[in-house]
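Asker: sequence and computational prediction follow.
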Amino acid sequence: MKKRFFALALAMALVLTIPAVAAQDSVDNFVRSKTYTGQFPDLTAASTFYDNVTALYEYGLTVGKADGTFGPRDPLTVGQVVIFAGRIRSLYRAGDAEAGPGAHLGQPGEATALRYLRYLQAEGVIGTEFDQLLNTAATRAQVAHVLAGTLPEEALPPIHQDLVTQAYASRRFITDVTEYTPYYQDILDLYRTGVAVGSDATGSYLPDQPITRGAAAAMLTRMVDPDLRVTPDWDLGADAWSARGAAMGDLVSLGTYIAAPSTAAEMDESIRYMLSSNQNTLTLQYPSLSVVSARRVMEAALAAVKTYCEQCYNTVNCSFTASGTITLTFSAASAGDQILSYRDAAMEAAIAVHDSLWEDGIITPSMTDYEKARVYFTWICDNCVYDYSAEDSSLSHIAYNLFENGTAVCDGYTGAYNLLLKLEGIDCTALSNSSHIWTVATLDGTEYHIDTTWGDSGPAPNYSYFAMTAQESWQHHSW
């Protein structure tokens with residue numbers, strides 16, 4: 001009888017020690033399976049990220065560095081964020097932080113981060129953009145790019161969608177992130193999901209700055225633990241959506257001045273340097289210049305400016321010296337010295353349109369970029385007619401004339417439309433061929449071609465020219 005009781009007790013003990021079967025693709029797999037008891041000697045209770053680093057340990061996502069410390073103030077490398085993200089992804093998918101990466105082992109002796117990189121690539125979280133960067137210090141923008149795709153929306157839902165949309169659209173919060181910032185949508189997703197809150201009262205993200213292991217621990221643990229997620233403390237006011245106070249220069253990412261640009265990318269840097277400063281004059285310096293080489297510089301500068309057609313520049317004049325100094329002065333059509341006042345008037349009118357659509361509830365915080373862009377497409381088509389009488393010197397070639405007089409040709413249509421999109425923080429540019437120009441915009445992460453000119457070719461807006469794929473656009477106008 002005693003033997004039978006012992007056997008029964010042993011069987012019960014064995015049952016109790018069998019681990020629970022992990023769920024597949026479940027947040028229930030995020031369990032604090034360890035207890036932090038001071039394993040990291042460089043982590044004190046007074047450390048800013050103490051709770052986050054201890055949570056990272058307890059969730060089984062870190063055992064610290066090789067020397068036994070965690071290094072909360074040390075810079076995080078790209079390889080390390082890939083490792084952390086791979087563990088979180090694998091824990092969610094299989095209940096084991098190492099199962100997924102473990103299936104992607106490579107050659108003996110290779111860098112540890114490589115198997116996590118291959119795993120995330122196989123899962124479609126990231127591509128090959130970081131293949132050669134694993135040993136470099138990660139920027140905060142790069143961290144956002146990795147983390148934003150690590151978990152699906154059902155595991156990391158957007159809990160601050162409207163708040164972040166309104167705050168960002170107001171241009172009073174997260175002001176250091178624009179549509180030109182690398183991975184800007186991924187950064188905004190971290191705010192929407194409560195993973196990021198910014199570093200100051202205006203929610204600055206500091207996208208180009210390196211990130212410490214402690215600050216990264218805060219983001220990582222907020223992904224797996226809803227109780228650690230944060231809510232921005234932002235006072236939006238009644239008209240947070242208003243674009244009042246925005247200037248043309250605000251719509252261009254800050255470029256780096258290059259005195260002698262020799263490539264299209266370098267010319268774009270110098271042009272953005274000028275535009276972001278709200279200037280219309282750019283002085284460059286080459287070793288020497290001839291009439292032919294000066295003309296080439298002019299043509300390259302004008303091509304760069306036309307991609308920012310919302311800025312209302314489409315002509316350039318130059319003066320140069322034999323020693324190599326060339327001064328480029330940008331204007332538009334017949335505007336001459338009045339161009340700056342035309343730009344101001346176009347901006348004021350665009351802000352009025354933007355604010356009116358928000359105030360009337362035609363645009364709302366819950367709308368996607370795609371939906372907002374469609375509203376502005378409709379507005380352009382409803383409030384402009386094509387100017388068939390326009391000559392090369394006509395103001396119909398710039399956005400000003402569309403807003404002021406209701407007439408435009410393709411570059412006026414495109415400039416006005418892009419101006420409205422950029423007031424919404426939507427990334428867009430202008431693409432042209434020898435006879436036409438239209439918009440290329442990124443809406444909710446997808447690139448589309450949008451032709452407001454041809455969309456306004458009938459009595460009602462023709463939406464077949466809205467949100468075209470590149471292939472569809474090519475059928476209408478090659479480039």
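Answerer: That came in fine, so what should we check first?

Asker: every contact and neighbour count from this point should use C-alpha atoms.
Answerer: Noted.

Asker: next, Y180: secondary structure please.
Answerer: For Y180, the secondary structure call by DSSP: H, G, I helix; E, B strand; the rest coil comes out as coil.

Asker: now for it, how many residues are close by?
Answerer: 15 (other CA atoms under 10 Å).

Asker: G336 too?
Answerer: 11.

Asker: quick check, pLDDT for it.
Answerer: With respect to pLDDT, G336 has a value of 87.

Asker: in contact with R172, which residues?
Answerer: T202 (CA atoms under 8 Å, 6 or more residues apart in numbering).

Asker: mind jotting down where the helices sit in the stretch 101-250 of the chain?
Answerer: 113-122, 140-148, 161-169, 184-192, 213-224 (DSSP state H, counting those that start in this stretch).

Asker: got CSV for those, with distance to P287 and mean pLDDT too?
Answerer: Shown next, in CSV, are these (distance: least, CA to CA, whole Å; pLDDT from 0 to 100):
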stretch, distance to P287, mean pLDDT
helix 113-122, 46, 97
helix 140-148, 38, 97
helix 161-169, 44, 86
helix 184-192, 38, 96
helix 213-224, 47, 97
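
Asker: of these, which is nearest I83?
Answerer: Nearest to I83, of all those, is helix 113-122, at 5.5 Å by CA to CA.

Asker: just the CA atoms of the closest one, as CSV, please.
Answerer: Output in CSV follows, covering the C-alpha atoms of helix 113-122 (Å, rounded to 0.1, in the frame of the first residue of the first chain):
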residue,chain,number,x,y,z
ALA,A,113,24.1,38.3,-34.4
LEU,A,114,24.1,36.6,-37.8
ARG,A,115,21.7,33.8,-36.9
TYR,A,116,19.3,36.4,-35.4
LEU,A,117,19.6,38.5,-38.5
ARG,A,118,18.8,35.6,-40.8
TYR,A,119,15.8,34.7,-38.6
LEU,A,120,14.4,38.2,-38.8
GLN,A,121,15.0,38.3,-42.5
ALA,A,122,13.2,35.0,-43.0
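
Asker: sorry, back to before: save the helices of the stretch 101-250 of the chain as a markdown table, and put in distance to T48 and mean neighbour count too.
Answerer: Listed next are these as a markdown table, based on distance: least, CA to CA, whole Å; neighbours: other CA atoms under 10 Å:
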| stretch | distance to T48 | mean neighbour count |
| --- | --- | --- |
| helix 113-122 | 27 | 22 |
| helix 140-148 | 18 | 24 |
| helix 161-169 | 25 | 21 |
| helix 184-192 | 20 | 22 |
| helix 213-224 | 8 | 23 |
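
Asker: closest to T44 out of these?
Answerer: helix 213-224 (12.1 Å).

Asker: so that closest one versus helix 140-148, what angle?
Answerer: 30 degrees (axes from the mean of the first three to the mean of the last three CA atoms, to 10 degrees).

Asker: tabulate the helices of the stretch 101-250 of the chain (TSV), appending distance to A333.
Answerer: Output for those, formatted as TSV (distance: least, CA to CA, whole Å):
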stretch	distance to A333
helix 113-122	50
helix 140-148	40
helix 161-169	32
helix 184-192	35
helix 213-224	51
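
Asker: low-confidence ranges, this structure, go.
Answerer: 1-21, 238 (pLDDT under 70).

Asker: give me that answer again for 80
Answerer: Within the chain, the stretches with pLDDT under 80 are 1-22, 169-171, 237-240.

Asker: picking up where we left off before, looking at the helices of the stretch 101-250 of the chain, which is closest to G60?
Answerer: helix 213-224 (10.9 Å).

Asker: show me which residues of the next helix or strand after the closest one are buried.
Answerer: Next helix or strand after helix 213-224 toward the C-terminus (DSSP states H and E): helix 264-276. For helix 264-276, burial by neighbour count (16 or more other CA atoms under 10 Å) applies to 266-276.

Asker: show me what helix 264-276 is packed against.
Answerer: strand 281-285, helix 291-306 (3 or more CA pairs under 8 Å, 6 or more residues apart in numbering; DSSP states H and E).

Asker: and the contacts of it?
Answerer: 248-259, 261, 280-282, 300-301, 304-305, 311.

Asker: centre of the chain to stretch 126-144, how far?
Answerer: 15 Å (CA atoms, centre = their mean, to the nearest Å).

Asker: report the buried residues of it.
Answerer: 126, 130, 134, 137-144.

Asker: first vs last residue of it, how far apart are they?
Answerer: End-to-end distance for stretch 126-144: 11 Å, by CA to CA, to the nearest Å.

Asker: thinking again about what came up before, I'd like the helices and strands packed on helix 264-276 as JSON lines, with mean neighbour count and distance to L206 appended.
Answerer: Output for those, formatted as JSON lines (neighbours: other CA atoms under 10 Å; distance: least, CA to CA, whole Å):
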{"stretch": "strand 281-285", "mean neighbour count": "17", "distance to L206": "29"}
{"stretch": "helix 291-306", "mean neighbour count": "17", "distance to L206": "28"}
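
Asker: of these, which is nearest V63?
Answerer: Using CA to CA, the nearest of those to V63 is helix 291-306, at 50.3 Å.

Asker: other SSEs contacting that closest one?
Answerer: Using 3+ CA pairs under 8 Å, 6+ apart: helix 291-306 touches helix 264-276, strand 315-320.

Asker: look up which helix or strand the residue lying closest to L421 once chain neighbours are set aside falls in, please.
Answerer: For L421, ignoring the flanking residues on the chain, the nearest one in space by CA to CA, 6 or more residues apart in numbering is A373 at 6.7 Å. Following DSSP H and E, one finds A373 within helix 369-382.
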